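Trainee: Structure for this input, please:
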Amino acid sequence: QVQLVESGGGLVQPGGSLRLSCAASGFASGYYAVAWFRQAPGKRREGVSCITNSDGRIFYGDSVKGRFTISRDDAKNTVYLQMNSLEPEDTAVYYCAMRTYHSDYPWLEYEYDYWGQGTQVTVSS
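Mentor: Numbers count the residues shown, from 1 in each chain. The predicted structure follows:
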């Protein structure tokens with residue numbers, strides 16, 4: 001049973017930083033990609049960042065380019081999302097998700113097999 005557990009969310013002032021973690025367990029074989037999505041109240045869930053396993057390709061949503069950085073620690077089976085220069089518009093529940101097969105499209109939610117429970121990020125003064 002694959003489990004993804006997010007942590008690191010919280011309340012931060014505009015301009016501040018947070019680092020989210022996504023710890024994966026229970027997968028016997030390799031995975032293809034891990035992505036971060038977010039959903040703000042009243043809005044559709046959107047892709048934030050994605051990293052592939054085999055070749056380390058990285059994708060970012062347009063609204064976070066230059067501010068967010070995705071990375072992974074294979075020894076810890078953990079993917080991180082470093083979020084800098086946070087804005088109130090970044091307020092959302094952030095989810096990590098794992099895809100076990102190849103795809104050329106990082107933001108298709110239905111292609112992700114496993115999801116975490118989400119962690120709340122609130123950017124407010």
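Trainee: For the chain, which residues score under the pLDDT cut-off?
Mentor: 28-29 (pLDDT under 70).
Trainee: middle-most residue in it, spatially?
Mentor: Nearest to the geometric centre of the chain sits Trp36, at 2.0 Å (CA atoms, centre = their mean).
Trainee: Ramachandran angles for that one?
Mentor: phi -110, psi 130 (degrees, to the nearest 10).
Trainee: Look up the residues forming beta bridges with it.
Mentor: Taking DSSP bridges, one obtains Ser49, Cys96 as the residues bridged to Trp36.
Trainee: From Ala92, how far off is it?
Mentor: 10 Å (CB to CB, to the nearest Å). For the C-beta atoms, the positions are set from N, CA and C on the backbone; glycine is no exception.
Trainee: related to what we said a few turns ago, OK, contacts around the residue nearest to the centre of the chain?
Mentor: Applying CB atoms under 8 Å, 6 or more residues apart in numbering to Trp36 gives the contacts 20, 22, 47-50, 70, 79, 81, 94-97.
Trainee: nearest to Val5, of the residues you listed?
Mentor: Ranked by distance to Val5 (CB to CB), the contacts of Trp36 are led by Cys22 at 7.2 Å.
Trainee: so which helix or strand takes in that closest one?
Mentor: With secondary structure defined by DSSP states H and E, Cys22 is part of strand 18-25.
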